[in-house]
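Novice: give me a 3D structure for the following:
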Amino acid sequence: MTRSTHALYRCPPAYLALCLAVALSNPVSAQDAGNATNAQTSGPGTSNNSSNSTSTKNAKTLEGLQVNANSAVTAIAPTQGSTIATQPQSIIGSTYIQENIPPTGDYTDAMAISPSVYTIAPNGPGLMETQVASIRGFQDGQYNVTFDGIPWGDSNDFTHHSTSYFTNQDTSSVTVDRGPGTAGTLGDATFGGTVSVESLNPTNDFNLHPYVSLGSWETAVEGAVINTGKLNSSGTSAVINVQNGSSDGYLTDAGQRRQNVFAKVVQPLGDNTTLTFGGMWNKINQYVPLGATKAQIAEYGPNYALNDNPNSQSYYRYNQDQISTYMGYVGLHSEFDGWTLDNKAYTYAYNHYGYNGLDPNGETPNGTFCNGKGDDCLYPDNVPGQHMRNWYRSWGDILRVSKELGPGEIRTGVWYDKQDNLRWQYEFDDTLDQPAINTTGQPTKGSDSPVDRFMTDSLRTIQPFVEYQWNITDQAYLVGGVKYEDFLRDIDSLYNQKTGLPLDYSKEWNATLPSAAFHYSFTSDWTAYAQWAKGFLAPNLNLFYVTNPSISDASLQPEKTTNWQLGTTWTSDRLTLSGDVYKIDFNNFIQSVKVGANTIFYNGGGVHYTGVELEGTYMLGGGFSVYANGSLNRAIQTASNTWNPNTPHKTAALGMIYTNGSVYASLIDKFVGKTYYTANANDDTPIGGYAVTNFTASYKFDPHMTDVKDFKVGFQINNLFNNTHIDALAGTTVADSTPLFWTIPARNFNFTVSADLF
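Specialist: As a prediction, this is how the structure comes out:
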C-alpha cells in the first residue's frame, strides 16, 4: 500500500489511513513544480506522513479518486479542501504555517485564516492564551482539538490552553473540520467539529536546523530542529525541536517566557508495522490581564492592561500564570492480510499556578482582612488578591481496527480516557504576601473563609464505534455508522466552587450518535459529498457547582447537534476550489433557573446555524497565485430569536502569493464581520466588522559554506495598516459588571533567520 507524505492532505480521524494510502498525482509544469517544491521546504521535518493511521481503505475506492499530492497549487494554498473528505474541512499545510505564522504563534493563529473562523489573540500571536476561537459560532470548548489524533483539553469545560502545549515549530499541519465527522471521529466535543494538529515527522537524512527570530515588543525566539536520519538498518529515526521564547507583549506589562521541547521517534518493525513514540514538555510564565474598559482604552490607549505599581491590584507581578505541561504517547500501526490495527496509548498533564488581583480594573478598593460586607478592614490599604491551582492528568487509549469486507470495509474501535483534576483557590493579601486570614480566623473581603474552592473531580469517557464503508461503484461510496458515548463525572469538594459547601457526588450520562455520508467522484479532479450526522457535547462540570445537583438529574440530557452538509472540491494543476452549504440544529441547550435556594439546570432551546463557505487558490502564472475564501454565517438562538454571541455574520480572506525558486512572498487580508455580545441584560452591543492585513517575505540562498546546505531569512509585518479597534468582549468587572474589551494588536514585525546544516 502506497503512503502519501504530502503535508496538505489531512482527513477526519476515521480516514487517516486513506490519506496515507492515496499517492495519486497530476502532471505539473516543470517551473510550477519547482516553485512549489521550494516553497514547501521551509524547514526540516515538515513532512506530514503521520503514524496516526486509523483505518485502511478498500482499494476499489481509490479508483477514480484524486488528491493531487504533487499538484503545484496544493503546495502553496493557504487553505484547501480535500477530494476525499466527507464533510467541510480546511487543510492548512506546512508552507503557510512556517511562512505566514510568527514563530511565537500556535494552532489558533493558523486556523484563523479558514472560512467561518474568528480568533482573538490580544497580546500578539501566541503571546497569551487565545481568548476567542470561534468556528461558525461554536466557541472553544464546543469542538475537539486533537494532537496527532489524541483529543486533549480541560475536562471541566473542554476548553484548550493554546500556549501550554505544542508550538508552531512542533507542527506540520492543521486541519479545521467543520462538522462532527463520522462515527470514528472521537472526542468529548464533536458538537461543533474538530481541529486536528499534526506534529513533525522525522526525515530520512540527518539535519540540524537552527533558527532565531526577533520582533516587536522585545520578542525573541531561539531554537533548533534536529533530525537524526535513519540510525540503523531497521530504519529508526527521530526528530527533536528545542525552543525558547520571550516577549514583553503588545499589552502593557503582559510579558511572557516560554520553553518547549518536542520529540518523536519512529521505529519500523518489519515491512508492515511501525512503532511511534511522541513526547512534549512545555513551561510558561506569563503576566495575564483581563481586558480593559472603554474608558481605560480612551484614556490610556488600546494596549492598556497591567501596570508596575505594587499598590495596585493590576500590578503585573500580582497577575501571572506559571504553567507546566507534558504529553507523551506510544503508537502502534500495523497492516496485514487486509486488516489494519492502530493503537495509541497516551498521557498528558497540566499544572497551573495562577495569581491575580481581586479586581485589576480598579472598581474594588484596596483592603484586606475585612468583614463580610467588604468594609471595616484591618488593613484598608493592602492589596487584595487570589491564588489558585488547577492540576489535571489524563490517561487514555485509542484502538482502531479495520478489515476489508465484501464490497467495502468495516471499521471499529474504542476510545477510553480518564482525567483527574485538583482545583483550589483562596483569597490572598498581596502586600503581606500571605493568605488573607489572621490567627483569630477573621473573614476576608466578601467571604467567611479565605478558601473559595478546594475540590477534586474526574471525568471518565468511553466511546466505542462501528462503521461500514460500502463501495457502491469505483466512483461512489457510502459510509454509515454509530458511536456510543458513556461519560461519568465525579466530584469530591471540601469547598465547592460557587457554593463554598462540601459535595461528594457523581453522575453518568450517555448518548448514541449515528452518522451517514455519501461521497462521489465525478472525475479525478472533482468530488462531492453529502453528510448527515449527530454531534454532542458532554455536560460541563459547572452542573455540580450547586447545593444539590441531583435536582437536575431526572431529565437533563447532553447538548446535541444535527448536521446536514453538502460540499464539493475541485483540485487540478493550477486551481484548488472548495465550497459547501450547511444547516445545523443545536438542541438540548442547558440553562439554569433559581428556585428558592436551589439552582436547577434544564434543557431548553438551542441555536439554528446555516451558512455557505468557499475557499480557493488559483495559480496565475509567473510565480503569482491568488487566494480567497469567504463565508456567510447565520446563528439564531431559538428561545429568544436573537443572534448568537461571538458569531460573525460573515468572514472573508483575500491574498496574493508569489513563489519563484527561493523566493516566497504573500500579502493576505482577513476580514471578520460584525459580532454581538451580551455584557448584561440591558446591553447587547455590536462590535463592527474589521480587517487585518499581513505581509510576509522570505529568501533562501546557498551561502557556499561547508556543512551549510542553505540559509534563509524571513520578514513578517502583521497588521500592516495598524488597525487597533476593539475586536471582542473580554468579560466584565468584578464589582459593577462593566464590560471589558480586547483590541487588535498594533502593527508589528518579526525577522527570522534559519539554516539547514549538514
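
Novice: spatially, what comes nearest to His519 if we skip its sequence neighbours?
Specialist: Distances taken as CB to CB, 6 or more residues apart in numbering put Tyr529 closest to His519, at 4.8 Å, once the chain neighbours are dropped. No exception for glycine: its C-beta is placed from N, CA and C like everyone else's.

Novice: mind listing what's buried in the helix or strand containing the one you found?
Specialist: Using DSSP states H and E, Tyr529 sits in strand 526-537. Judged by neighbour count (16 or more other CB atoms under 10 Å), strand 526-537 contains these buried residues: Trp526, Thr527, Ala528, Tyr529, Ala530, Gln531, Ala533, Lys534, Gly535, Phe536, Leu537.

Novice: same question for stretch 714-730.
Specialist: Buried residues in stretch 714-730, counted by 16+ other CB under 10 Å: Gly714, Gln716, Ile717, Asn718, Asn719, Asn723, Thr724, Ile726, Asp727, Ala728, Leu729, Ala730.

Novice: any chance of the buried residues of strand 526-537 in a markdown table, with distance to Asp106 too?
Specialist: Compiled in a markdown table, the buried residues of strand 526-537 are given as follows (distance: CB to CB, whole Å):
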| residue | distance to Asp106 |
| --- | --- |
| Trp526 | 34 |
| Thr527 | 31 |
| Ala528 | 33 |
| Tyr529 | 30 |
| Ala530 | 34 |
| Gln531 | 29 |
| Ala533 | 28 |
| Lys534 | 30 |
| Gly535 | 25 |
| Phe536 | 27 |
| Leu537 | 23 |
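
Novice: what segments of the stretch 1-150 of the chain are helices?
Specialist: If DSSP state H, counting those that start in this stretch is used as the criterion, the helices of the stretch 1-150 of the chain fall at 16-21, 30-40, 59-62, 72-76, 94-100, 107-111.

Novice: tell me the bridge partners for His352.
Specialist: Ile323, Asn390 (DSSP bridges).

Novice: contacting residues for it?
Specialist: His161, Ser164, Asp321, Gln322, Ile323, Met388, Arg389, Asn390, Trp391 (CB atoms under 8 Å, 6 or more residues apart in numbering).

Novice: which residue sits closest to Asn319, ignoring its sequence neighbours?
Specialist: In space, Asn319 is closest to Asn356, 4.9 Å off (CB to CB, 6+ apart).

Novice: got the buried residues for the helix or strand containing the one you found?
Specialist: Assignment of secondary structure by DSSP H and E places Asn356 within strand 339-357. Judged by neighbour count using 16+ other CB under 10 Å, the buried positions of strand 339-357 are 340-342, 344-346, 348-352, 354-357.

Novice: swap in stretch 562-571?
Specialist: The neighbour-count check on stretch 562-571 (16+ other CB under 10 Å) flags Asn563, Gln565, Leu566, Gly567, Thr568, Thr569, Trp570, Thr571 as buried.

Novice: equivalent analysis for stretch 207-217, please.
Specialist: Buried residues in stretch 207-217, counted by 16+ other CB under 10 Å: Asn207, His209, Tyr211, Ser213, Gly215, Ser216, Trp217.

Novice: you'd agree the fourth one is up against Thr752?
Specialist: Yes. The pair Ser213 and Thr752 qualifies as a contact (CB atoms under 8 Å) at a distance of 4.0 Å.

Novice: which residues are in contact with each of those two?
Specialist: With CB under 8 Å, 6+ apart as the test, Ser213 and Thr752 both reach Pro103, Val221.
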